[in-house]
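>>> Sequence below, structure please.
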Amino acid sequence: MTDFTAHDLDTAPAASKPLLEKSLAAFGRIPGLHAVMAESPAHLEAYQVLHGLFANQTSFDADELTVVWQTINVEHACHYCVPAHTGIAKMMKVDDAIIEALRNETPLPSPRLEALRTFTLQVTRRRGHVSDADVQAFLDAGFTRQQILEVILGLAQKVMSNYVNHLAETPVDQVMQQFAWEKTA
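Presented below is the predicted three-dimensional model:
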């Protein structure tokens, strides 16, 4: 196991310091994930850009963003991101029924959200090799070709964070520990 440093404003590489300041301004703290990513300024910047694009410039609403994020987090068994996105979903006023269904891999309260989860899982598990029938089912649920690409954007963001957390064993931030999670067998 390689030890990763959780950087702060004093220890971070010079190019990461403004990025950590951005995190501090946005969250009132430096999330542990960002502290670990700061070892590579390019990685942290890319992650922040992808997060901003996915969260703020896609056509998904708060429920749909949460479905994409948490579907991938749960599929990747990310001990850090599932609690973090549980807290984020609560801040975004996502219904607890959606949050719990995603965390527990139980049916979502609407067929549309379930179609989004199913498609996101297919893209994730099949690494983009999704059948025409699966794409059509997603479109038939009321989604668009634009949203196909937006799912992939969300996946790119989550691969960066989930994989870093697996390698670094990033401790769950204290504020998110109340949402601790483990993948069921």
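
>>> The most centrally placed residue in the chain: which element?
In the chain, the C-alpha nearest the mean C-alpha coordinate belongs to residue 69, at 3.9 Å (CA atoms, centre = their mean). Mapping residue 69 onto the secondary structure by DSSP states H and E places it in helix 62-75.

>>> Next: residue 172.
Under the criterion of DSSP H and E, residue 172 resides outside all helices and strands.

>>> So it is in contact with residue 33, correct?
No - judged on CB atoms under 8 Å, residue 172 makes no contact with residue 33 at a distance of 9.8 Å. From N, CA and C alone the C-beta is placed, and that goes for glycine too.

>>> Identify the contacts common to those two.
80, 84 (CB atoms under 8 Å, 6 or more residues apart in numbering).

>>> quick one: contacts of the lengthiest helix in the chain?
Of all segments of type helix in the chain, defined using DSSP state H, the longest is helix 145-168. Outside of helix 145-168, the residues that reach it under the criterion CB under 8 Å, 6+ apart are 2, 4, 33, 36-37, 43, 46-47, 50-51, 53-54, 58-60, 65, 68-69, 72-73, 76, 78-81, 116, 119-120, 123-124, 128, 135, 138-139, 170.

>>> Report the buried members of these.
Neighbour-count burial (16 or more other CB atoms under 10 Å) applied to these gives 4, 33, 36-37, 43, 47, 50-51, 54, 58, 60, 65, 68-69, 72-73, 76, 78-81, 116, 119-120, 123-124, 135, 138, 170.

>>> Next step: the residues you listed restricted to helices.
Cross-referencing these with the helices (criterion: DSSP H) gives 33, 36-37, 43, 47, 50-51, 54, 65, 68-69, 72-73, 81, 116, 119-120, 123-124, 135, 138 as the overlap.

>>> Which elements pack onto the helix or strand where residue 22 lies?
When secondary structure is defined by DSSP H and E, residue 22 falls within helix 17-27. Contact analysis of helix 17-27 by 3 or more CB pairs under 8 Å, 6 or more residues apart in numbering; DSSP states H and E lists helix 32-37, helix 41-57 as its packing neighbours.
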